[in-house]
Structures are given as C-alpha cells and as structure tokens.
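quick one, fold the following:
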Amino acid sequence: MSYILDALRRADAERQRGDVPGLHAQPQAIAAGEPPPTRWPAGWLAGGAIGLLALGGGLVWWWMGAARPAQAPVVA
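Alright, predicted model coming up:
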C-alpha cells in the first residue's frame with residue numbers, strides 16, 4: 001500500500017512541477033549568495049554619453065550657422 005501511495009505522490013509532484021503556482025503554494029527560498037548584478041549604471045552612462053553627443057552636435061551646428069555672414073539679396 002505504501003508503494004502505491006508513494007508512487008502516486010511522486011506522480012502528482014511531477015505533474016505539478018511545470019504548473020503555475022497556485023494561491024496556496026509555499027514560496028521557495030532563494031539561495032543566499034551574491035545579489036544579481038544590476039545593469040542600470042551602464043544604461044545611465046550610455047544615455048548620458050549619447051545625450052552629451054547630441055547636445056554637442058546641436059551646439060556646433062548652431063555655432064556654424066551663426067558664424068556665416070548674411071548673404072546679400074540678388075538684384076536682377
């Protein structure tokens with residue numbers, strides 16, 4: 001009788017492995033170790049670098065446009 005009950009419990013456990021946890025499922029403990037690496041500093045640095053390049057390009061474009069002398073109108 002215990003062999004059958006043990007086999008039924010194992011089969012039930014195998015079936016539930018791939019299921020989404022229900023409301024009454026016990027939470028699994030996360031192994032204590034190093035925290036996962038965060039990637040936000042790299043994203044902020046890349047975004048800041050792109051922003052500075054865009055700002056610099058805009059300033060150069062504006063400065064080059066302001067440095068040109070105004071053209072005299074062509075009179076026919």
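
every contact and neighbour count from this point should use C-alpha atoms.
Fine.

residue ranges with poor pLDDT in this structure?
Residues of the chain meeting the criterion pLDDT under 70: 30, 36-37, 67-68, 76.

what about the longest helix in it?
helix 40-67 (DSSP state H).

so residue 71 is in which element?
Residue 71 is part of no helix or strand, with elements assigned from DSSP states H and E.

and it, how many neighbours does it have?
6 (other CA atoms under 10 Å).

contacting residues around it?
By CA atoms under 8 Å, 6 or more residues apart in numbering, no residues touch residue 71.

secondary structure class of residue 73, three-state.
Secondary structure state of residue 73, per DSSP: H, G, I helix; E, B strand; the rest coil, is coil.

so what's the residue count around it?
Neighbours of residue 73 (other CA under 10 Å): 6.

residue 64 too?
Neighbours around residue 64, by other CA under 10 Å: 10.

how close does it sit to residue 14?
71 Å (CA to CA, to the nearest Å).

do the same with residue 69
For residue 69, the distance to residue 14 - CA to CA - is 80 Å.

more crowded one of these two?
Neighbour count, other CA under 10 Å: between residue 69 and residue 14, residue 14 has more, with 11 against 7.

great, nothing more from me.
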